[in-house]
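Visitor: What shape does this take:
(one chain, ligands or ions: 1)
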Amino acid sequence: MFGSKKNKPQIDQEQLEFIQNAQSRIKQKKRLYFHFVVFLLGALFLVIANTVLGIGKDTQFFGIDWFVFAILSWLFIFLIHLFNVFVTNRFMGKAWEQQQMEKLVTQQQVRIEKLKSELKKEAPHIAESEVYNEELKAKEKTSELTIIVAAGENDAIGKDNKLIWHLSDDLKRFKKLTSGHHIIMGRKTFESFPKPLPNRKHVVISRQPSYQAPEGVIVVNSLEKAIEIANNDPQPFIIGGGQIYELAMPLADKIEITRVHAEFEADTFFPKIDTSIWKEVDNVFHKKDSEHEHEFSFITYVRK
Ligand SMILES: NC(=O)c1ccc[n+]([C@@H]2O[C@H](COP(=O)([O-])OP(=O)(O)OC[C@H]3O[C@@H](n4cnc5c(N)ncnc54)[C@H](OP(=O)(O)O)[C@@H]3O)[C@@H](O)[C@H]2O)c1
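Guide: This next block holds a predicted model:
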């Protein structure tokens, strides 16, 4: 931005490799030539040392004069050098490495393709397997089906299609937790309301094919269908009554129970909470007061 840019020559990677390869070959050949000259001078020196200066005149190895032996050994080393430069380095140099690498990559690709086609054949069996399906279900499961209930110590929840007590904090909690969500209920519980509750999607379960409900209330003929309808809700609630709680217990992920600390006469009951299946994770106690004629506790259970 502030100075003039220098124009760098643009060489691509392949050209650069060729140049580096050529430079290395030139260096190898230079070293060979230098070795040849040193060998000639060395050999000449050895001949002179023996014949003119008389060094080791009578020394022989295997019946050969030592200097001839030394020159032949050196010649042998030079020939190895020559062979390395013109044969080994030429045929096992960069180009040869590249060729070998390409060969290996091709072999690996063939193996990968073979594995892929074997996997395709196995795919239906994998899809049928229990482990795969359980994993898939766990991944797909994004909503937390929650039972919400108020029950006495003897699990009483209702009589004559009505609630047995009036606990204002419990109703407030019910409103707070369920607002904005699907509330799934049996036909009798639905009919116990004077009108649909605001800001909640009502899903009513009934066996009657032509059951008429007010506009906006969804009627289905099974709990499974009700859950399916609430599929996009992160926390659909099962709000009762006794028959629907019974059906929902094996499917629910969570129970929000208001345990009213007294025994009541009732005609509808909540199923027993099996603590080998359910784990208590929260428990908040409320005293009796002017607005609450009974002591009670908000208890949360999650499936173990
Ligand atoms: N304490 C609490 O937290 C709480 C909460 C909710 C309700 N309650 C109380 O519970 C009582 C009502 O409970 P409930 O057990 O009598 O009735 P419910 O569970 O509310 O509703 C029963 C109705 O649901 C439908 N149903 C049940 N099983 C079905 C199935 N497998 N397939 C299709 N439809 C099915 C039937 O409707 P059709 O007859 O139309 O076929 C059945 O008559 C009331 O006293 C209410 O006040 C208490």
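
Visitor: Which residues of the stretch 101-250 of the chain lie near the ligand?
Guide: 149-150, 157-158, 161-163, 185-189, 192, 205-208, 211, 221-222, 239-244, 247 (Cβ under 6 Å from any ligand atom). Where you see a C-beta, it was placed from the backbone N, CA and C, and this is true even at glycine.

Visitor: Of those residues, just the buried ones, ChimeraX syntax please.
Guide: One line in ChimeraX is enough to select the buried ones among these; burial here means 16 or more other Cβ atoms under 10 Å:
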select :149,150,157,158,163,185,186,187,188,189,192,205,206,239,240,241,242,244,247
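
Visitor: Give me the subset of the residues of the stretch 101-250 of the chain next to the ligand that lies in strands.
Guide: The strands, defined by DSSP state E, take in 149-150, 157-158, 185-186, 205, 239-240 from these.

Visitor: Greatest separation within these: which pair is it?
Guide: Ala150 and Ile205 (20.0 Å; Cβ to Cβ).

Visitor: could you redo the ones in strands among the residues of the stretch 101-250 of the chain next to the ligand as a markdown table and give each row pLDDT?
Guide: Converted to a markdown table, these look like this (pLDDT from 0 to 100):
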| residue | pLDDT |
| --- | --- |
| Val149 | 98 |
| Ala150 | 98 |
| Ile157 | 98 |
| Gly158 | 97 |
| Met185 | 98 |
| Gly186 | 98 |
| Ile205 | 98 |
| Ile239 | 98 |
| Gly240 | 95 |
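
Visitor: Identify the residues contacting the closest residue to His202 other than its chain neighbours.
Guide: In space, and not counting its chain neighbours, His202 is closest to Val217: 4.4 Å by Cβ to Cβ, 6 or more residues apart in numbering. Applying Cβ atoms under 8 Å, 6 or more residues apart in numbering, we find Val217 in contact with 190, 196, 202-204.

Visitor: and those, which two are the farthest apart?
Guide: Pairwise distances across the contacts of Val217 (Cβ to Cβ) peak at 11.2 Å, for the pair Pro196 and Val203.

Visitor: Looking at those two, which has the bigger crowd around it?
Guide: In this view Pro196 and Val203 are compared by other Cβ atoms under 10 Å, and Val203 has more residues nearby, 26 against 16.

Visitor: isn't that one right up against Arg187?
Guide: No. Applying Cβ atoms under 8 Å, one finds Val203 not in contact with Arg187, separated by 11.2 Å.
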